[in-house]
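**Q** Here you go, sequence then predicted model.
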Amino acid sequence: MHLKRLEILGFKSFAQKTVLDFPAGISVVVGPNGSGKSNIIDAIRWLLGEREAKNIRGAKAEDLIFSGTPLRSRTSMAQVTIIFDNTSRFFPVDYSEISIRRQVTRDGTSQYFLNDAEIRLKDIIDFFAKVRLGTKGLAIVNQGESDIFVRANPKERRTMIEEILGLRQYQLKKHEAERKLESTKFNLEKTDAMINELMPHLRLLRRQAAKYGRQAEVEKELRDLENNYFSVKLKIIQEDFKALEPKIIDIGAKIKDKLKDLKSAQADLKKVEDSAPKGDRGFEDFKKNQTALLGRRATLQKELGRLEGQLEFLLAQPKTDIPAAQAIKLLSELKLEISTITAGGDIEKMRGSLRGLLEKIDRLLDSGGKEKESRSKELEKSKERLLAELFGLDKTLEVLNESELKLNTELKNFNETFKKVFEQVEAKKDEISRLENQKNQLLFDKERIEIRKQELANLAAQASRKLSEFEGVAGGELGNLAGADLSAVALAEAEKKMFKLRAELAGIGELDPALIKEAQEIEARYNFLSTQVEDLNKAVKDLGVLIEDLDNKLHTEFTKSLHAINEQLNHYFRLMFGGGHAKLRLEKIEIKKEEISSEEVNLENAGTEEGGSDEDAEHKVDHGGIEIDVSIPKKKISGLDMLSGGERSLVSIAALFALISVSPPPFLVLDEVDAALDERNARRFAEMISEFSQKTQFLLVSHNRATMEAADILYGVTMGEDGTSKVLSLKLESAEAVRQ
């Protein structure tokens, strides 16, 4: 595999399309300062995936696009294409020729293409890392960085070594695995948090779902039991229904008979009432007379009151004597007696009282003297009128006595007759009441039987519906169940069981379908998250194993290669310096045991043959960087800072050739790394690249004659009048002629 062609368009000073064809050996680019030689190196570095603007001498992506000159307008895009010859299948793809293109526009859009198929920057970095190429190692050394290996820090040196050894791909995989592991752990924590947040609600919903499940079980059990029960019950109901028909007919006939008896008893009662004696007329007349006498009594009371007033008047006159006061007292006594007279038996008493009153009045009048004669005439008149009234009362009393005697006789007869009739009426009423009760009882029985009949009809309909509902479930079993002969005890037990099941359903209550649906959704969510947790835990475990495997592989390969690199480094160091020695060693970084994981590997003394470790039991040595120990002939130094610029370049060149001798890369791009070398070392450098060009392709930018003499092709870069870079090529044959 070798770099076959480089095409540049609109990149920095290369405004127009520029094509450089490279042989498998050594290609050298020459030209005056500022002509754009290093832009060719920047183009290759940029295409290999360089993301740090400082390494390609630009602040932003737009700086890479040709910005124009007074004689040439700017371009809208920068594009670089590299074509590799892959007939040896050095690249792990089934193409004999591989084209990789990167382009960027002024809006910052950057794209990669592999054989015209767009890919990601990450894919490009991984692709080149597999063939020991990249921007982090020594495959490309920029201008002014000939001593980069010496100036780099230990971690950067290790990265350079890993890339040229082809371990960069494992390091990238490890970093990617670690990134994924960290992301996976974060997702795992996030998922665990989601599950923890979900669980309280899920437990509540699970209880509801359990109720729902139990409800379904109870409903099924109840449905099966009702299926059996109603199949048998329907048959019993139908038989009971048939048995009720004769009872209804019999009760109807009895009701008709009782109605006839009731009508007959009511007719007899009417006859008895019509034949009852009419003796109440005389009694009513007697009552009327009695009322009249009471009215007369009231009249007499008024008259007596008037007489009492006259007597009081006489007493009020002068010379009134004691007899007048006695007369008033007599009148008051008479008034009291009259007020107590009753309508029936006190008339005789009233008459006697009036007579006594009159006699007393006479005595009073006689004792009054002549001086009162003129005033007592009026009393005389009252006396006469009272006598007349008394006579009338006597007559009335005689009539009333006769009427009373007659009425008493009639009343006695009436009472005897009435008693007999009353007993007959009561007897008939009792008979009617009994018949009414019998009729009502029969009507009640009839209504009860009708209700029972309706209940049986409803139960039959209900049982039929139930059986219809069960047909789809039970199928042909219904016929057998309908004919089942269950005992009353079995039916009672079935009813108890159904009651218990219905009570259990009532205890469960109505379940919200939305809640059940939510429970199913949350359960599905929980299962999904649980699966995610399992997958994430497995991913964490797998990533941990992968990282451990990559660590082990890095450790094994690096340890094995470091020993070989140290041998070659010492060889090329002595060659460049004429003696002395140099060695790469791992930087020792001590970390407390509890702060590192079990898979970390101790790499202390990895460059020695023994590869032993001398750390104590409380510490382990982390993967550290690379330190350089050098000893220059006839010069005592305590550190790399004491080296001159030329010495640093020589150490870096020695390290470069030590590395490519152990792991030859497909090509190296070196920009003026020989600038600080004297003529002797420049020739040694040219000899070494000629030696290594059999395995590694070289592209160099140089002003050194010895380097140019070693080239298979020379490219000259100049700055045109329009301010753009121009490229001229000189083949090996022409170069030989120039040298001669």
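**A** Structure's in. What do you need? Numbering: from 1, shown residues only.
**Q** Could you use CA atoms for every contact and neighbour count after this?
**A** Noted.
**Q** So Arg252, which state does it fall into?
**A** Not quite, residue 252 is Gly, not Arg. helix (DSSP: H, G, I helix; E, B strand; the rest coil).
**Q** What count of nearby residues applies to the residue lying closest to it once chain neighbours are set aside?
**A** Nearest residue to Gly252, sequence neighbours excluded (CA to CA, 6 or more residues apart in numbering): Lys446, at 7.4 Å. Lys446 has 19 neighbours, counted by other CA atoms under 10 Å.
**Q** Give me the distance between Leu225 and Ile237.
**A** 18 Å (CA to CA, to the nearest Å).
**Q** Please identify which of the two sits among more neighbours.
**A** Ile237 (20 against 17).
**Q** that older thread, what are the neighbouring residues in contact with the residue nearest to Gly252?
**A** Ile248, Ile251, Gly252 (CA atoms under 8 Å, 6 or more residues apart in numbering).
**Q** Identify, from those, the entry nearest to Glu548.
**A** Ile248 (96.6 Å; CA to CA).
**Q** Leaving out chain neighbours, which residue sits closest to that closest one?
**A** Of all residues beyond its chain neighbours, the one nearest Ile248 is Lys446 (6.4 Å), with distances taken as CA to CA, 6+ apart.
**Q** Report whether the one you found is found in a helix, as I expect.
**A** Yes. According to three-state DSSP, Lys446 belongs to a helix.
**Q** Just the pLDDT for it.
**A** At Lys446, the pLDDT value in this model is 73.
**Q** what does Lys37 give?
**A** 91.
**Q** Could you give the secondary structure assignment for the closest residue to it other than its chain neighbours?
**A** Spatial nearest neighbour of Lys37, chain neighbours left out: Val717 (6.1 Å); criterion: CA to CA, 6+ apart. Three-state assignment for Val717 (three-state DSSP): strand.
**Q** my guess is Val717 contacts Ile40, does it?
**A** No. Using CA atoms under 8 Å, Val717 is not in contact with Ile40, being 9.7 Å away.
**Q** what's the distance between the helix or strand that contains Leu407 and the middle of its chain?
**A** Element membership of Leu407 [criterion: DSSP states H and E] is helix 377-474. Distance, stretch centre to chain centre, for helix 377-474: 77 Å (CA atoms, centre = their mean, to the nearest Å).
**Q** count of neighbours near Arg452?
**A** 15.
**Q** can you map out the helices along the stretch 1-150 of the chain?
**A** 37-47, 121-129, 148-151 (DSSP state H, counting those that start in this stretch).
**Q** now for the ones you listed, which one comes closest to Ala711?
**A** helix 37-47 (16.0 Å).
**Q** who's in contact with that closest one?
**A** 8, 11-13, 29-31, 55-57, 80-82, 100-102, 135, 140, 142-143, 669, 671, 701, 717.
**Q** Just the ones in strands from the residues you listed, please.
**A** 8, 29-30, 80-82, 100-102, 140, 669, 671, 701, 717 (DSSP state E).
**Q** quick one, domains of the protein?
**A** 1-131+666-740, 287-409 (automatic domain parsing).
**Q** before we move on, back to that, is the residue nearest to Lys37 bridged to anything, and to what?
**A** Val727 (DSSP bridges).
**Q** From Glu450, how far out is it?
**A** Val717 is 122 Å from Glu450, by CA to CA.
**Q** can you check Pro664 too?
**A** With CA to CA as the criterion, Pro664 and Glu450 are 112 Å apart.
**Q** More neighbours: the two, which one.
**A** Using other CA under 10 Å as the criterion, Pro664 and Glu450 rank with Pro664 on top: 20 against 15.
**Q** burial count for Ala117?
**A** Neighbour count of Ala117, defined by other CA under 10 Å: 10.
**Q** Please name the bridge partners of it.
**A** Leu114.
**Q** wait, isn't Val19 in contact with Lys4?
**A** No. The pair formed by Val19 and Lys4 falls short of the contact definition of CA under 8 Å, at 10.5 Å.
**Q** With neighbour numbers in mind, choose between these two.
**A** Lys4 (18 against 14).
**Q** List of residues touching stretch 175-189?
**A** Val533, Leu536, Asn537, Ala539, Val540, Leu543, Gly544, Leu546, Ile547.
**Q** among these, which are in helices?
**A** Val533, Leu536, Asn537, Ala539, Val540, Leu543, Gly544, Leu546, Ile547 (DSSP state H).
**Q** ok, of these, which come out buried?
**A** Buried members of the ones in helices among the contacts of stretch 175-189, scored by 16 or more other CA atoms under 10 Å, are Val533, Leu536, Ala539, Val540, Leu543, Gly544, Leu546, Ile547.
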